[in-house]
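Undergrad: Build the 3D model from these lines:
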Amino acid sequence: MDIDISVEHVTMRPEWHDIIDAWLSDCRRRYPDVQTIDMVLRHADLDPVGEAVDLVARARGRNLHTEARATEMRIALHDAFDALDHELALNEAIRPQLH
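TA: Residues are numbered from 1 along each chain as shown. Coordinates of the predicted model:
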């Protein structure tokens, strides 16, 4: 799995690395068809809900996208990962296994 993490106007914190690493480990186990994960973490000073996460996963020939915004990055990360988990599970359910 190729992973690309970009940050905009925010500095990565160890807590966020731990959240991301735990989710990626679980993702590799549960969704072996995921080929890439692109992640953008950003902060907007003028927005009261300024922490944002955009995720795109490529699995079984499809790009699955989700995003989340929150007052804290850890919440935005959890929300985005929960939404992406839902999209990945749905993708597995509706598309036959490729052999």
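Undergrad: quick one: buried residues of the host helix or strand of residue 68?
TA: Assigned by DSSP states H and E, residue 68 belongs to strand 62-70. Buried residues in strand 62-70, counting neighbours by 16 or more other Cβ atoms under 10 Å, are found at 64, 66, 68-70. Where C-beta positions appear, they are placed from N, C-alpha and C, glycine not excepted.
Undergrad: Stretch 69-78 too?
TA: 69-70, 73, 76-78.
Undergrad: Also stretch 82-99?
TA: In stretch 82-99, counting by 16+ other Cβ under 10 Å, buried: 83-85, 87-88, 91.
Undergrad: For it, what is the distance to the chain centroid?
TA: On the basis of Cα atoms, centre = their mean, to the nearest Å, stretch 82-99 sits 14 Å off its chain's mean C-alpha point.
Undergrad: Going by contacts, tell me the helices and strands next to the longest helix along the chain.
TA: Looking across the chain with DSSP state H, the single longest helix is helix 73-94. If you count contacts as 3 or more Cβ pairs under 8 Å, 6 or more residues apart in numbering; DSSP states H and E, helix 73-94 packs onto helix 14-30, strand 34-43, strand 51-59, strand 62-70.
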